[in-house]
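[1] Sequence and predicted structure below; questions after.
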Amino acid sequence: MYAGKFVFSQLMDLAPWHTFRRLVSKYKGDFNARTFRCRDQFLCMAFAQLTYRRSLRDIEGCLLAQPSKLYHMGIRGRISRSNLADANESRDWRIYAEFAQSLISTARRLYADEDLELDLAGTVYALDSTTIRLCLSLFPWADYRETKAAVKIHTLLDLRGAIPAFMLVSDGLLHDVNILDLFSPERAAFYVMDRAYVDFERLFTINQAGAFFVTRAKKPLKFKSVSSQPVDKSTGLICDQQIRLTVYYSRKAYPKLLRRVRLKDPETGKTLIFLTNNFEITAQTVCDLYRSRWQVELFFKWIKQHLRINQFFGRSENAVKCQIWIAVATYLLVVIARKQFGIPLSLHSMLQILSITPFENIPLNQLLMDPGLAEEDACAAKQLKLL
């Protein structure tokens, strides 16, 4: 006899389904859908993410092996490989993109008090992108190079909790710097970026919005030194200058002063040059801010290893975007569960447990609160803090 909710259902209950229904209505996602609705598609694809399914046939076989439990998981539609394929091809991917954005808002509120490990009061964002390479003959819409195809995931990561504050899925041709035009800078926030985002006109827009940026300078950078501050050279710092750009078009695009911090990395011996528009923080903090950008690289590495976004269940642009956004939404639900239930495990350990217990009736917080697991997990915690 059925008693209590399945682990999978408890996790899905954390989702704001009223928002999901509104988005389905907004984009007419269930128009002419008789036996397999958007919610069924989301639940099946989320199940595939949690349990590491490899194909639509794999999803179908695994779920149909437990027919008496599907109703209690929230799946009301008729599961078949063709229904899943048709849904991924035809249901508007924006439903799942905006649903993921609503989960992002929830997760960021929960992690707003996380320790940033930097002596800063404002929010710190790391901006970067990752490329997922595809076969050109199978994904001809995903332009990248003459003989290759790819999609890019552009992410603005809030470093308090490693929550993506902004995400965009594009083809491989969209240059990283264009992402700076797609979001409004938050006043007093720090935006940490690599050299691909150095465009002085766009950086000046961030400055005019009252926000700060930290990036690496491209070579060669032509400038005139206006003033210089003393630095502690024992830390690897070489100089801390206020500069003015001297090239006509660069100076026209960014007419104000910039701060230039030069560092010789003690570990690698490489000389790094950072640019920022903040003149109040210390030179060492500028270096630490740029070092924190590595969090977004770890985030990309983690989602590629633990979410199904390297192997796609459909070949159309809509199917690929549906799968990516549902994967992001599933990741966020696990992130939210971790905070709401006060679970001491890392996300990696949580996903390993969830992958083999979706049909169990045990309460979610009881399943994931084993002190022995938490102790073992703490020994292997030298990775991205949240993950």
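    Perfect, thanks for sending it. Numbers count the residues shown, from 1 in each chain.
[2] report the longest helix in this protein, please.
    Assignment by DSSP state H gives helix 317-340 as the longest helix of the chain.
[3] Show me what that helix is packed against.
    Contacts defined by 3 or more C-beta pairs under 8 Å, 6 or more residues apart in numbering; DSSP states H and E place helix 317-340 against helix 7-12, helix 38-51, helix 81-90, helix 93-110, strand 148-158, strand 163-171, helix 294-306, helix 347-356. In this view, the C-beta of every residue, glycine as well, is placed from N, C-alpha and C.
[4] most tightly surrounded among these?
    Among the helices and strands packed on helix 317-340, the stretch with the highest mean neighbour count (mean count of other C-beta atoms under 10 Å) is helix 38-51, at a mean of 23.
[5] Run the angle between that one and helix 81-90 for me.
    Angle, helix 38-51 to helix 81-90, by axes from the mean of the first three to the mean of the last three C-alpha atoms, to 10 degrees: 100 degrees.
[6] closest to Q284 out of the helices and strands packed on helix 317-340?
    Among those, helix 294-306 comes nearest to Q284, with 16.6 Å by C-beta to C-beta.
[7] contacts for the closest one?
    126-128, 130, 132, 153, 155, 157, 159, 162, 164, 309-310, 327-328, 331, 347-348, 351, 383-385, 387 (C-beta atoms under 8 Å, 6 or more residues apart in numbering).
[8] May I have that helix as PDB, with CA atoms only?
    Presented in PDB, the C-alpha positions along helix 294-306 are these (Å, rounded to 0.1, in the frame of the first residue of the first chain):
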ATOM      1  CA  TRP A 294      37.400  30.700 -11.000                       C
ATOM      2  CA  GLN A 295      34.100  29.900  -9.300                       C
ATOM      3  CA  VAL A 296      32.200  30.200 -12.600                       C
ATOM      4  CA  GLU A 297      34.700  27.900 -14.300                       C
ATOM      5  CA  LEU A 298      34.100  25.300 -11.600                       C
ATOM      6  CA  PHE A 299      30.300  25.800 -12.000                       C
ATOM      7  CA  PHE A 300      30.600  25.000 -15.700                       C
ATOM      8  CA  LYS A 301      32.700  22.000 -15.000                       C
ATOM      9  CA  TRP A 302      30.300  20.700 -12.400                       C
ATOM     10  CA  ILE A 303      27.100  21.100 -14.500                       C
ATOM     11  CA  LYS A 304      28.800  19.400 -17.500                       C
ATOM     12  CA  GLN A 305      29.800  16.500 -15.300                       C
ATOM     13  CA  HIS A 306      26.500  16.100 -13.300                       C
END
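[9] how far out from the middle of the chain is it?
    How far helix 294-306 lies from its chain's middle: 8 Å, per C-alpha atoms, centre = their mean, to the nearest Å.
[10] Same check on stretch 99-115?
    Using C-alpha atoms, centre = their mean, the offset of stretch 99-115 from its chain centre is 12 Å.
[11] now do stretch 129-148
    The answer for stretch 129-148 is 21 Å, by C-alpha atoms, centre = their mean.
[12] before we move on, what about stretch 103-117?
    13 Å.
[13] From one end of that stretch to the other, what's the distance?
    End-to-end distance of stretch 103-117: 25 Å, with C-alpha to C-alpha, to the nearest Å as the criterion.
[14] next one: stretch 108-118
    With C-alpha to C-alpha as the measure, the ends of stretch 108-118 fall 18 Å from one another.
[15] Can you list the buried residues in that stretch?
    Buried residues in stretch 108-118, counted by 16 or more other C-beta atoms under 10 Å: 108, 110-111, 114, 116, 118.
[16] Let me know the closest of these to L168.
    R108 (17.2 Å).
[17] Distance of that closest one relative to I163?
    Here R108 is placed at a distance of 5 Å from I163 (C-beta to C-beta, to the nearest Å).
[18] Cool, thanks, talk later.
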